[in-house]
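Q: Fold the stuff below for me.
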Amino acid sequence: MADGSGMQWGGWWMALVVFAAVAQTARNAAQRSLTAELGTWPATLVRFLYGLPLAAMALVLLYILPSTPPQITHWSWAYFGWIALGAFFQIAATGALLLAMQQRNFAVAVTLSKTEVLQVALFGAVFLQELPTPWALGAMAIATVGVALLSLPPRQPGAKFEWRSKAALYGLVCGACFAIATVGFRGAAIELKAPSALLSGAWGVFVAQCMQTIAMVAWFAWRDPGVLLRIAKAWRVSLVAGCMGSAASLAWFSAYALQSAASVRTLGMVEVIFSYVVSRRFLKEHLRLNEKWGIALMLVGIVIICTQI
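A: Numbering: from 1, shown residues only. Predicted structure coming up:
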């Protein structure tokens, strides 16, 4: 379901989401490696600071490559308000995800963050009046159960899973913040009414990352200027994290311009599978029975949501 802005790309939103999930997995891995060296919040800044040049380049190319430059005639304060909402909660969500990674392994932290799917449906219904179909809601519930199974830790004698653990708390906070950020960015895409999904996405990423970079750089310049020097010295891995982050954001934002927030984030749960590939390849982890069932349920949910479009 396109939003009526003339951006009829059909199933292309699915390809955009899968690409975003791959790029986001690479970004998460790079950011995780920076957390021990820089700290949680400096590693969060890296995503926006080093991604901003790529976001600007993508926007420029979308204007100079076409024979006729595109025109956007619907700038409004509401657009910038939606972007600011998404930008703030995206910062919080990224920090919570990195904190969760410090408590649990890479793949499990990502799965915990995916509790966002039902929260996106809730916030999307409240703020955007985008009500999921009964089948779509069922798919979200199935996929979320899969995430819960994936999040269970290895069983140890006498050990109990504690949902109030720091890892679970950070994961739930991350999911809630990503859900609100998603609704903000989707609201901005609807408000902008850009002539193409890519242009809508490029403007969204650029404006959001400008806000995020300015806010976080100003904060660190005031509180701990030495952090900025450490970030500059770690430019190699930071550049990977930033570029992958911008590429993922461009794809996410473009998908938001084409499809409802809940559908986009449900399909985006495929990121968990990519995260497990990274986790097994580099950490040599093996899937337990609950993890196999979790991935299976996630795939069922993803297939159902895709058939409802």
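
Q: Find the residue closest to G187 in space, skipping its chain neighbours.
A: Leaving aside its sequence neighbours, G187 sits nearest to W82 (CB to CB, 6 or more residues apart in numbering; 4.0 Å). From N, CA and C alone the C-beta is placed, and that goes for glycine too.

Q: what about A58, distance to L45?
A: 20 Å (CB to CB, to the nearest Å).

Q: So which of the two has more stuff around it?
A: Between A58 and L45, L45 has the larger neighbour count (other CB atoms under 10 Å), namely 27 against 20.

Q: tally of neighbours for the closest residue to that one other than its chain neighbours?
A: Nearest residue to L45, sequence neighbours excluded (CB to CB, 6+ apart): M216, at 4.4 Å. A total of 21 residues lie near M216 under the criterion other CB under 10 Å.

Q: Test my guess that M216 contacts A92.
A: No. M216 is not in contact with A92 according to CB atoms under 8 Å; the separation is 11.6 Å.

Q: so which helix or strand takes in the residue nearest to L45?
A: helix 197-223 (DSSP states H and E).

Q: Pull out the buried residues from whichever helix or strand comes after that helix.
A: Heading C-terminal from helix 197-223, the first helix or strand you meet, by DSSP H and E, is helix 226-233. Neighbour counts over helix 226-233 (16 or more other CB atoms under 10 Å) mark 227-228, 231 as buried.

Q: angle of helix 226-233 against helix 197-223?
A: 130 degrees (axes from the mean of the first three to the mean of the last three CA atoms, to 10 degrees).

Q: by contact count, what packs against helix 226-233?
A: Using 3 or more CB pairs under 8 Å, 6 or more residues apart in numbering; DSSP states H and E, the elements in contact with helix 226-233 are helix 12-38, helix 40-49, helix 197-223.

Q: right, and the helix or strand after it?
A: helix 235-256.

Q: elements contacting that following helix?
A: Counting contacts by 3+ CB pairs under 8 Å, 6+ apart, helix 235-256 is packed against helix 12-38, helix 40-49, helix 52-64, helix 166-192, helix 197-223, helix 261-267.

Q: Centre of the chain to that helix, how far?
A: 10 Å (CA atoms, centre = their mean, to the nearest Å).

Q: between it and helix 226-233, what angle do the directions make?
A: For helix 235-256 against helix 226-233, the angle by the same axes, to 10 degrees is 90 degrees.

Q: quick revisit: distance to R27 and pLDDT added to the buried residues of helix 226-233, as a markdown table?
A: Listed next are the buried residues of helix 226-233 as a markdown table, based on distance: CB to CB, whole Å; pLDDT from 0 to 100:
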| residue | distance to R27 | pLDDT |
| --- | --- | --- |
| V227 | 20 | 93 |
| L228 | 20 | 95 |
| I231 | 16 | 95 |
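
Q: re the thing from before, I'd like the helices and strands packed on helix 235-256 laid out as CSV, including mean pLDDT and distance to T133.
A: Below are the helices and strands packed on helix 235-256 laid out as CSV (pLDDT from 0 to 100; distance: least, CB to CB, whole Å):
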stretch, mean pLDDT, distance to T133
helix 12-38, 89, 17
helix 40-49, 94, 34
helix 52-64, 94, 33
helix 166-192, 86, 17
helix 197-223, 95, 22
helix 261-267, 79, 10
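
Q: For R236, find the nearest of those helices.
A: helix 12-38 (9.7 Å; CB to CB).

Q: Pull up the gap between I273 and V183, please.
A: Using CB to CB, we find I273 at a distance of 25 Å from V183.

Q: which of these two has more neighbours?
A: Per other CB under 10 Å, whichever of I273 and V183 has more neighbours is V183, with 28 against 16.

Q: hang on, the more buried one packs against V120?
A: Yes. When contacts are counted by CB under 8 Å, V183 is listed as touching V120 (6.8 Å).

Q: Any chance you could list residues touching both of those two?
A: Shared contacts of V183 and V120 (CB atoms under 8 Å, 6 or more residues apart in numbering): A261.
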